[in-house]
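[1] pasting a predicted model and its sequence here:
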Amino acid sequence: MLSGNYKELYDRLVPIIDRNRIWHDPLHTLAFGTDASFYRLIPKMVIKAKNEDEVSLILEESSRLMIPVTFRAAGTSLSGQAVSDSVLIIAGSYWKKAVIEEEGAVIRLQPGLTGKEANALLAKYGRKIGPDPASIDTAMIGGIAANNASGMCCGTAQNSYQTIVSMRIILADGTMVDTDTLHIAAWNAVLAPMARQIDAAFYKARIMGFDAASTGAALFPDATRSAHLAYCDAKEAAFRGMVGTLEPTAGLADLLDWADSQGLKKAVVTNAPRDNALLMLRGLGWADRFPVLVIGEELAHGKPHPLPYLTGLQQLGASAAQAVAFEDSLSGMRAAVAAGLESVGIATALDPAALRGVGASLVVRDFTDPTLLRRLRALV
């Protein structure tokens, strides 16, 4: 029987995730209480996640409730990494998609494919993935990547870390990060002084999946090998500097310009730590654009409690009837609705139905939606 924060987590998930994929009964939890190791931990809850939206939701709500989570693909670990006494998230049968690019030089894999299945897809190109662990017939890509799997043949030269080019990552707060765009941006930062740029097509055809020497030769055919490596080092430095930056959701910059032209006041209300919030605002170049920054953890209650929004309204000198909130998380939407604001859901990570289910009066994919612009103009 679930209780406390685990019961609250379950209640928040079942409206969105089929309850037949959320197990907390003794039989299922006992069955998932061990992996290939000799350890046993009985999870409070086992969730068979179906897609990125569900994982994002699980992580966001678990983070808010301070509930630890563990991911499991095949469960072939000999060291107990795939067992938990808290929440166990299964990324297996629903995560089987693969895309082969560049005649087998690159393969994009979801975590539920086994290493054997990946190699079978690549066989007709005369290629295989780098790592070759002894458990490759049953080990899945999720664990192979997370454990930096190696093997008798690949050694350290072609293990997981050495052969991963890019990755879509869902952070602990539910935020999605795709590193491909950052790699392209980093190369363009290096190339900018030479009045050169690359696009996604060039990146995938000539850079993605290639080593530093080959990449340098593709970009700088007349330069020396040492110069190739130096350019690649500069790119990696630029990439590391960009990991903490963000691109604004489509249309947001234009919306802020419009708000400024109307003399509207603006505030950021977030559960993120102050340092993180400032880092994101500075990365967007908007550190001075929002005169009010409300941090949930600095108050008696964070979201989904209405206090952060009520504090923001007080600092702006506005009432709830005069304000509109924009939220892409369920906890944030609940906070805005509870504070009495008209609340717009931005469906960048969650299903629109999930945002409507907690009170969003309007849900849009981004800030370019004409319905949103008409609604805002009518309110001014």
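    Sure thing, it's come through. Residues are numbered from 1 along each chain as shown.

[2] mind checking the longest helix of this protein?
    helix 225-242 (DSSP state H).

[3] distance from that helix to the middle of the chain?
    Offset of helix 225-242 from its chain centre (Cα atoms, centre = their mean, to the nearest Å): 25 Å.

[4] what comes up buried for that helix?
    Across helix 225-242, burial judged by 16 or more other Cβ atoms under 10 Å covers 228, 231-232, 235, 238-239, 242. For the C-beta atoms, the positions are set from N, CA and C on the backbone; glycine is no exception.

[5] ok, of those residues, which one's closest to residue 248?
    residue 242 (14.6 Å; Cβ to Cβ).

[6] which non-adjacent residue is nearest the closest one?
    residue 182 (5.0 Å; Cβ to Cβ, 6 or more residues apart in numbering).

[7] ok, residue 152 next?
    Computed as Cβ to Cβ, 6+ apart, the closest residue to residue 152 that is not its neighbour in sequence is residue 132, at 6.8 Å.

[8] torsion angles phi and psi at the one you found?
    phi -140, psi 60 (degrees, to the nearest 10).

[9] what's across from it in the sheet?
    Beta-bridge pairing for residue 132 (DSSP bridges): residue 151.

[10] that one touches residue 157, doesn't it?
    No: using Cβ atoms under 8 Å, residue 132 is not in contact with residue 157; the gap is 11.9 Å.

[11] so which of the two has more stuff around it?
    Neighbours per residue (other Cβ atoms under 10 Å) separate residue 132 from residue 157, with residue 132 holding more: 19 against 10.

[12] and that one, what's its pLDDT?
    Model confidence at residue 132, given as pLDDT, is 91.

[13] go on, residue 182?
    75.

[14] what helix or strand does it sit in?
    Element membership for residue 182, per DSSP states H and E: helix 179-191.

[15] next up, the contacts around the nearest residue to residue 352 once chain neighbours are set aside.
    Once flanking residues are discounted, residue 352 sits nearest to residue 363: 4.2 Å by Cβ to Cβ, 6+ apart. Contacts for residue 363 (Cβ atoms under 8 Å, 6 or more residues apart in numbering) come out as 344-347, 352, 355-356.

[16] what about 7 Å?
    Taking Cβ atoms under 7 Å, 6 or more residues apart in numbering, we find residue 363 in contact with 345, 347, 352, 355-356.

[17] who wins for neighbours among the residues you listed?
    residue 345 (29 neighbours).

[18] about what we covered before: now the buried residues of helix 225-242 in TSV, with pLDDT and distance to residue 91?
    Converted to TSV, the buried residues of helix 225-242 look like this (pLDDT from 0 to 100; distance: Cβ to Cβ, whole Å):
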residue	pLDDT	distance to residue 91
228	87	38
231	90	37
232	86	32
235	86	31
238	83	32
239	74	26
242	72	27
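
[19] which one of those residues is nearest residue 303?
    residue 242 (28.2 Å).

[20] residue contacts, the closest one?
    Going by Cβ under 7 Å, 6+ apart, residue 242 touches 182, 185-186.

[21] same check, this time on residue 64
    residue 331.

[22] one step back: which of the three states applies to the residue nearest to residue 352?
    strand (DSSP: H, G, I helix; E, B strand; the rest coil).

[23] look up how far residue 11 lies from it.
    22 Å (Cβ to Cβ, to the nearest Å).

[24] repeat for residue 236
    45 Å.

[25] and the next element down the chain from the helix holding residue 182?
    helix 200-202.

[26] what separates that next one from the chain centre, distance-wise?
    23 Å.

[27] tell me the mean pLDDT over it?
    79.

[28] which residues does that helix contact?
    By Cβ under 7 Å, 6+ apart, helix 200-202 touches residue 184.

[29] what is the burial count for residue 221?
    Neighbours of residue 221 using other Cβ under 10 Å come to 8.

[30] what residues are up against the closest residue in space to residue 97 that isn't next to it in sequence?
    The shortest distance from residue 97 to any non-neighbouring residue, by Cβ to Cβ, 6+ apart, is to residue 110 (4.7 Å). Each residue near residue 110 by Cβ under 7 Å, 6+ apart is listed here: 95-97.

[31] could I get those as TSV with neighbour count, secondary structure and pLDDT?
    Listed next are those as TSV, based on neighbours: other Cβ atoms under 10 Å; DSSP: H, G, I helix; E, B strand; the rest coil; pLDDT from 0 to 100:
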residue	neighbour count	secondary structure	pLDDT
95	21	coil	95
96	15	coil	94
97	10	coil	92
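
[32] and of these, the nearest to residue 2?
    Residue 2 has its nearest neighbour among those in residue 95, at 25.7 Å by Cβ to Cβ.
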